[in-house]
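Chemist: heads up, no residue letters with this:
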(Lines give C-alpha, C1' and ligand atoms only; values in the text may rest on other atoms or scores of the structure.)
Protein backbone atom coordinates (compact mmCIF):
# COMPACT_ATOMS: atom_id res chain seq x y z
CA UNK A 1 0.00 0.00 0.00
CA UNK A 2 1.60 3.26 -1.15
CA UNK A 3 1.74 6.16 1.23
CA UNK A 4 -0.45 9.00 -0.08
CA UNK A 5 1.25 11.87 -1.88
CA UNK A 6 -1.10 14.35 -0.24
CA UNK A 7 0.02 15.19 3.29
CA UNK A 8 -2.38 17.74 4.85
CA UNK A 9 -0.02 18.11 7.80
CA UNK A 10 2.38 20.08 5.59
CA UNK A 11 -0.04 23.00 5.88
CA UNK A 12 -0.08 22.76 9.67
CA UNK A 13 3.68 22.53 10.21
CA UNK A 14 4.12 26.02 11.72
CA UNK A 15 2.10 28.99 12.91
CA UNK A 16 3.20 31.00 9.88
CA UNK A 17 1.95 28.33 7.50
CA UNK A 18 -1.33 27.89 9.38
CA UNK A 19 -1.92 31.64 9.29
CA UNK A 20 -1.12 31.75 5.57
CA UNK A 21 -3.81 29.20 4.65
CA UNK A 22 -6.43 29.96 7.32
CA UNK A 23 -9.94 30.08 5.86
CA UNK A 24 -11.39 32.33 8.57
CA UNK A 25 -10.14 35.60 10.04
CA UNK A 26 -11.29 37.26 13.25
CA UNK A 27 -10.83 40.93 14.03
CA UNK A 28 -12.05 43.40 16.64
CA UNK A 29 -13.95 45.20 13.86
CA UNK A 30 -16.21 42.12 13.68
CA UNK A 31 -17.60 42.80 17.16
CA UNK A 32 -20.67 44.72 18.32
CA UNK A 33 -20.33 45.30 22.04
CA UNK A 34 -23.57 45.19 24.08
CA UNK A 35 -23.74 47.85 26.80
CA UNK A 36 -26.42 48.20 29.50
CA UNK A 37 -27.18 51.83 30.33
CA UNK A 38 -29.08 53.21 33.32
CA UNK A 39 -30.20 56.75 34.19
CA UNK A 40 -27.81 57.60 37.04
CA UNK A 41 -25.74 56.45 40.01
CA UNK A 42 -22.45 54.53 40.02
CA UNK A 43 -21.76 51.67 37.67
CA UNK A 44 -23.33 48.44 38.91
CA UNK A 45 -21.79 44.97 38.51
CA UNK A 46 -24.16 42.44 36.95
CA UNK A 47 -24.20 39.37 39.18
CA UNK A 48 -25.20 36.97 36.40
CA UNK A 49 -22.52 38.20 33.99
CA UNK A 50 -19.09 38.56 35.61
CA UNK A 51 -17.17 41.49 34.16
CA UNK A 52 -20.27 43.28 32.84
CA UNK A 53 -21.89 46.38 34.35
CA UNK A 54 -24.89 48.66 34.15
CA UNK A 55 -23.37 52.00 33.15
CA UNK A 56 -24.85 55.37 34.15
CA UNK A 57 -25.24 57.86 31.33
CA UNK A 58 -22.30 60.13 31.99
CA UNK A 59 -18.53 60.24 32.32
CA UNK A 60 -18.11 56.57 33.30
CA UNK A 61 -19.93 55.45 30.18
CA UNK A 62 -17.83 57.74 28.01
CA UNK A 63 -14.59 56.38 29.48
CA UNK A 64 -15.76 52.81 28.95
CA UNK A 65 -16.54 53.47 25.30
CA UNK A 66 -13.18 55.23 24.92
CA UNK A 67 -11.56 52.02 26.12
CA UNK A 68 -13.53 50.01 23.56
CA UNK A 69 -12.46 52.33 20.74
CA UNK A 70 -8.83 52.15 21.83
CA UNK A 71 -9.06 48.37 21.34
CA UNK A 72 -10.58 48.67 17.88
CA UNK A 73 -14.15 47.89 19.00
CA UNK A 74 -16.06 50.66 17.24
CA UNK A 75 -19.61 49.30 17.34
CA UNK A 76 -21.92 49.15 20.37
CA UNK A 77 -25.54 48.17 20.94
CA UNK A 78 -27.39 49.84 23.81
CA UNK A 79 -29.93 48.29 26.18
CA UNK A 80 -31.81 50.42 28.68
CA UNK A 81 -32.32 49.55 32.34
CA UNK A 82 -34.94 51.51 34.29
CA UNK A 83 -36.44 51.27 37.81
CA UNK A 84 -39.53 49.10 38.19
CA UNK A 85 -41.60 52.04 39.40
CA UNK A 86 -41.45 53.81 36.01
CA UNK A 87 -42.47 50.76 33.98
CA UNK A 88 -46.03 50.47 32.68
CA UNK A 89 -48.22 48.19 30.56
CA UNK A 90 -47.25 49.96 27.33
CA UNK A 91 -43.48 50.16 27.93
CA UNK A 92 -43.56 53.94 27.56
CA UNK A 93 -40.06 54.56 29.04
CA UNK A 94 -38.74 52.83 25.92
CA UNK A 95 -40.00 55.54 23.58
CA UNK A 96 -39.61 58.55 25.85
CA UNK A 97 -37.35 61.05 24.01
CA UNK A 98 -35.79 61.84 27.40
CA UNK A 99 -35.37 58.15 28.25
CA UNK A 100 -32.12 56.46 29.15
CA UNK A 101 -31.24 55.10 25.70
CA UNK A 102 -31.85 58.36 23.76
CA UNK A 103 -29.79 60.21 26.38
CA UNK A 104 -26.95 57.70 26.02
CA UNK A 105 -27.07 57.92 22.21
CA UNK A 106 -26.93 61.73 22.27
CA UNK A 107 -24.03 61.74 24.73
CA UNK A 108 -21.97 59.18 22.81
CA UNK A 109 -22.62 60.84 19.45
CA UNK A 110 -21.66 64.23 20.88
CA UNK A 111 -18.37 62.86 22.21
CA UNK A 112 -17.38 60.36 19.52
CA UNK A 113 -19.29 61.37 16.38
CA UNK A 114 -18.69 59.07 13.43
CA UNK A 115 -15.88 57.21 15.20
CA UNK A 116 -18.55 55.08 16.89
CA UNK A 117 -21.35 53.10 15.24
CA UNK A 118 -24.37 52.97 17.55
CA UNK A 119 -27.05 50.29 17.36
CA UNK A 120 -30.10 50.68 19.60
CA UNK A 121 -32.15 47.66 20.62
CA UNK A 122 -35.85 48.20 19.91
CA UNK A 123 -38.08 46.22 22.25
CA UNK A 124 -40.35 46.81 25.23
CA UNK A 125 -39.51 43.98 27.64
CA UNK A 126 -37.10 46.16 29.66
CA UNK A 127 -39.83 48.80 30.06
CA UNK A 128 -43.09 46.91 30.62
CA UNK A 129 -44.34 46.07 34.10
CA UNK A 130 -45.18 42.52 32.94
CA UNK A 131 -41.84 41.89 31.20
CA UNK A 132 -43.25 40.85 27.84
CA UNK A 133 -42.04 42.34 24.57
CA UNK A 134 -45.25 44.12 23.70
CA UNK A 135 -48.80 45.06 24.59
CA UNK A 136 -50.54 42.25 26.48
CA UNK A 137 -54.26 41.64 25.95
CA UNK A 138 -56.73 39.04 27.20
CA UNK A 139 -59.06 37.02 25.01
CA UNK A 140 -61.35 34.21 26.15
CA UNK A 141 -59.53 33.98 29.45
CA UNK A 142 -56.06 33.74 27.89
CA UNK A 143 -53.39 36.41 27.55
CA UNK A 144 -51.55 37.16 24.33
CA UNK A 145 -49.22 39.82 22.96
CA UNK A 146 -51.06 42.04 20.49
CA UNK A 147 -48.80 41.96 17.45
CA UNK A 148 -50.16 44.94 15.49
CA UNK A 149 -50.47 47.28 18.47
CA UNK A 150 -46.95 46.36 19.55
CA UNK A 151 -45.25 47.10 16.24
CA UNK A 152 -46.75 50.60 16.27
CA UNK A 153 -44.89 51.21 19.54
CA UNK A 154 -41.70 49.69 18.11
CA UNK A 155 -41.93 52.17 15.24
CA UNK A 156 -42.38 55.03 17.71
CA UNK A 157 -39.36 53.80 19.70
CA UNK A 158 -37.22 53.46 16.56
CA UNK A 159 -38.00 57.04 15.50
CA UNK A 160 -37.02 58.35 18.95
CA UNK A 161 -33.68 56.49 18.75
CA UNK A 162 -33.05 57.65 15.20
CA UNK A 163 -33.76 61.23 16.21
CA UNK A 164 -31.25 60.89 19.06
CA UNK A 165 -28.58 59.85 16.57
CA UNK A 166 -28.60 56.04 16.36
CA UNK A 167 -26.99 54.67 13.20
CA UNK A 168 -29.03 51.45 13.32
CA UNK A 169 -32.16 50.41 15.16
CA UNK A 170 -32.43 46.73 16.07
CA UNK A 171 -35.95 45.35 16.57
CA UNK A 172 -35.71 42.25 18.76
CA UNK A 173 -39.32 41.48 19.71
CA UNK A 174 -40.05 38.94 16.92
CA UNK A 175 -43.37 40.52 16.04
CA UNK A 176 -44.65 39.87 12.52
CA UNK A 177 -44.24 42.91 10.28
CA UNK A 178 -42.03 44.82 12.71
CA UNK A 179 -39.36 45.65 10.14
CA UNK A 180 -41.85 47.01 7.60
CA UNK A 181 -43.60 49.15 10.22
CA UNK A 182 -40.29 50.57 11.47
CA UNK A 183 -38.97 51.24 7.96
CA UNK A 184 -42.16 53.06 7.05
CA UNK A 185 -41.96 55.22 10.20
CA UNK A 186 -38.27 56.02 9.77
CA UNK A 187 -38.76 57.07 6.17
CA UNK A 188 -41.85 59.14 7.01
CA UNK A 189 -39.75 61.12 9.51
CA UNK A 190 -36.85 61.62 7.10
CA UNK A 191 -34.52 58.99 8.59
CA UNK A 192 -33.85 57.26 5.27
CA UNK A 193 -30.19 56.67 6.18
CA UNK A 194 -30.85 54.96 9.52
CA UNK A 195 -30.40 51.22 9.06
CA UNK A 196 -32.30 48.29 10.53
CA UNK A 197 -30.51 45.30 12.04
CA UNK A 198 -33.35 42.82 12.52
CA UNK A 199 -33.33 40.07 15.10
CA UNK A 200 -34.74 37.87 12.35
CA UNK A 201 -34.21 34.38 13.76
CA UNK A 202 -34.43 34.85 17.51
CA UNK A 203 -35.10 31.60 19.31
CA UNK A 204 -37.02 31.06 22.55
CA UNK A 205 -33.84 30.10 24.35
CA UNK A 206 -32.88 29.35 27.95
CA UNK A 207 -29.52 30.95 27.17
CA UNK A 208 -31.02 34.41 27.78
CA UNK A 209 -31.30 33.97 31.55
CA UNK A 210 -28.34 36.15 32.61
CA UNK A 211 -29.47 38.96 30.29
CA UNK A 212 -32.90 39.01 31.90
CA UNK A 213 -31.22 39.53 35.26
CA UNK A 214 -29.06 42.31 33.80
CA UNK A 215 -31.95 44.16 32.16
CA UNK A 216 -34.63 43.19 34.72
CA UNK A 217 -36.69 41.98 31.76
CA UNK A 218 -37.91 38.50 32.72
CA UNK A 219 -41.64 37.98 31.99
CA UNK A 220 -43.79 38.04 35.11
CA UNK A 221 -46.03 35.28 33.74
CA UNK A 222 -45.88 32.77 30.92
CA UNK A 223 -42.99 32.71 28.48
CA UNK A 224 -42.11 34.04 25.03
CA UNK A 225 -42.64 30.89 23.00
CA UNK A 226 -45.64 32.30 21.13
CA UNK A 227 -43.44 34.91 19.46
CA UNK A 228 -39.83 33.72 19.63
CA UNK A 229 -38.80 30.76 17.47
CA UNK A 230 -38.97 27.07 18.37
CA UNK A 231 -35.43 25.69 18.95
CA UNK A 232 -36.37 22.58 16.96
CA UNK A 233 -36.70 24.54 13.71
CA UNK A 234 -33.94 25.56 11.33
CA UNK A 235 -35.59 26.14 7.95
CA UNK A 236 -38.16 28.39 9.59
CA UNK A 237 -35.25 30.78 10.17
CA UNK A 238 -34.80 31.06 6.41
CA UNK A 239 -38.44 32.14 6.11
CA UNK A 240 -38.09 34.72 8.90
CA UNK A 241 -34.94 36.14 7.31
CA UNK A 242 -36.59 36.25 3.88
CA UNK A 243 -39.54 38.21 5.25
CA UNK A 244 -37.31 40.71 7.08
CA UNK A 245 -35.17 41.29 3.99
CA UNK A 246 -38.29 41.84 1.91
CA UNK A 247 -39.54 44.34 4.52
CA UNK A 248 -36.33 46.37 4.34
CA UNK A 249 -33.86 44.92 6.88
CA UNK A 250 -30.27 45.94 6.15
CA UNK A 251 -28.67 43.35 8.45
CA UNK A 252 -30.29 40.14 9.70
CA UNK A 253 -29.45 38.27 12.88
CA UNK A 254 -29.43 34.77 14.32
CA UNK A 255 -29.72 34.56 18.11
CA UNK A 256 -28.28 32.72 20.06
CA UNK A 257 -25.08 31.99 18.14
CA UNK A 258 -23.12 29.11 19.66
CA UNK A 259 -25.99 26.62 19.90
CA UNK A 260 -27.29 27.69 16.47
CA UNK A 261 -24.18 27.59 14.28
CA UNK A 262 -26.09 25.40 11.82
CA UNK A 263 -28.74 28.10 11.47
CA UNK A 264 -26.12 30.79 10.82
CA UNK A 265 -24.64 28.61 8.07
CA UNK A 266 -28.08 27.87 6.63
CA UNK A 267 -29.01 31.54 6.48
CA UNK A 268 -25.66 32.50 4.94
CA UNK A 269 -26.01 29.78 2.31
CA UNK A 270 -29.46 31.01 1.30
CA UNK A 271 -28.56 34.73 1.45
CA UNK A 272 -24.80 35.03 0.80
CA UNK A 273 -25.20 38.70 -0.15
CA UNK A 274 -26.93 39.71 3.11
CA UNK A 275 -24.89 40.89 6.10
CA UNK A 276 -25.44 38.35 8.88
CA UNK A 277 -25.06 39.17 12.58
CA UNK A 278 -25.00 36.54 15.31
CA UNK A 279 -25.53 37.18 19.01
CA UNK A 280 -23.14 35.35 21.34
CA UNK A 281 -25.64 35.66 24.17
CA UNK A 282 -25.41 36.09 27.93
CA UNK A 283 -25.80 32.41 28.82
CA UNK A 284 -23.00 31.44 26.45
CA UNK A 285 -20.81 34.14 27.99
CA UNK A 286 -21.71 33.15 31.57
CA UNK A 287 -20.92 29.46 30.95
CA UNK A 288 -17.41 30.36 29.83
CA UNK A 289 -16.90 32.57 32.88
CA UNK A 290 -18.18 29.84 35.21
CA UNK A 291 -15.88 27.21 33.71
CA UNK A 292 -12.93 29.61 33.94
CA UNK A 293 -13.67 30.33 37.61
CA UNK A 294 -13.42 26.59 38.30
CA UNK A 295 -10.17 26.23 36.38
CA UNK A 296 -11.69 23.92 33.77
CA UNK A 297 -10.73 25.83 30.61
CA UNK A 298 -8.27 28.36 29.22
CA UNK A 299 -10.42 31.48 28.88
CA UNK A 300 -8.41 33.13 26.12
CA UNK A 301 -8.21 30.09 23.87
CA UNK A 302 -11.81 28.98 24.41
CA UNK A 303 -13.26 32.46 23.89
CA UNK A 304 -11.36 33.04 20.66
CA UNK A 305 -12.25 29.54 19.47
CA UNK A 306 -15.95 30.23 20.06
CA UNK A 307 -15.85 33.59 18.27
CA UNK A 308 -13.90 32.07 15.37
CA UNK A 309 -16.52 29.32 15.09
CA UNK A 310 -19.32 31.89 14.88
CA UNK A 311 -17.44 33.77 12.15
CA UNK A 312 -16.63 30.51 10.34
CA UNK A 313 -20.30 29.55 10.34
CA UNK A 314 -21.04 32.65 8.27
CA UNK A 315 -21.53 35.63 10.60
CA UNK A 316 -20.18 38.95 9.37
CA UNK A 317 -20.80 40.62 12.74
CA UNK A 318 -20.77 39.15 16.23
CA UNK A 319 -22.58 40.70 19.17
CA UNK A 320 -20.53 39.56 22.16
CA UNK A 321 -19.88 40.51 25.77
CA UNK A 322 -16.36 39.16 25.25
CA UNK A 323 -15.63 42.00 22.81
CA UNK A 324 -13.09 43.99 24.86
CA UNK A 325 -11.12 41.07 26.26
CA UNK A 326 -11.19 39.32 22.87
CA UNK A 327 -9.88 42.49 21.21
CA UNK A 328 -6.97 42.57 23.68
CA UNK A 329 -6.16 38.92 23.03
CA UNK A 330 -6.34 39.37 19.26
CA UNK A 331 -3.52 41.89 19.52
CA UNK A 332 -1.36 38.95 20.55
CA UNK A 333 -2.62 36.91 17.61
CA UNK A 334 -4.91 33.90 17.52
CA UNK A 335 -3.59 31.02 19.63
CA UNK A 336 -4.32 28.36 17.00
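Modeler: All right, it came through fine. Please read all numbers here as calculations on a predicted model, not as lab measurements. Residues are numbered from 1 along each chain as shown.

Chemist: so where is this protein shaky, pLDDT-wise?
Modeler: 1 (pLDDT under 70).

Chemist: which strands and helices sit next to the biggest helix by length in it?
Modeler: In the chain, taking DSSP state H as the definition, the longest helix is helix 147-164. In terms of contacts (3 or more Cβ pairs under 8 Å, 6 or more residues apart in numbering; DSSP states H and E), helix 147-164 is packed against helix 100-112, strand 117-122, strand 168-171, helix 178-188. Any C-beta I mention is one placed from the backbone N, CA and C, and that applies to glycine too.

Chemist: list the buried ones in the first one?
Modeler: The reference is to helix 100-112. 100, 101, 102, 103, 104, 105, 106, 107, 108, 109, 112 (16 or more other Cβ atoms under 10 Å).

Chemist: what's the nearest residue to residue 206 once chain neighbours are set aside in contact with, if anything?
Modeler: Closest residue in space to residue 206, ignoring its immediate chain neighbours: residue 283 at 6.9 Å, by Cβ to Cβ, 6 or more residues apart in numbering. Taking Cβ atoms under 8 Å, 6 or more residues apart in numbering, we find residue 283 in contact with 205, 206, 207, 208, 209, 210, 211, 256.

Chemist: that older thread, and the helices and strands packed on helix 147-164: which comes nearest residue 276?
Modeler: Minimum separation from residue 276 across the helices and strands packed on helix 147-164 (Cβ to Cβ) falls at strand 168-171, 13.8 Å.

Chemist: neighbouring strands for that closest one, and are they parallel or not?
Modeler: strand 117-122 (parallel), strand 195-202 (parallel) (DSSP bridges).

Chemist: okay but residue 73 is in contact with residue 30, surely?
Modeler: No: the pair residue 73 / residue 30 is not scored as a contact, 9.5 Å apart, by Cβ atoms under 8 Å.

Chemist: hey, where'd the helices end up in the protein?
Modeler: Counting by DSSP H, the helices of the chain are 15-21, 59-70, 100-112, 147-164, 178-188, 209-214, 235-247, 261-270, 282-293, 299-313, 323-330.
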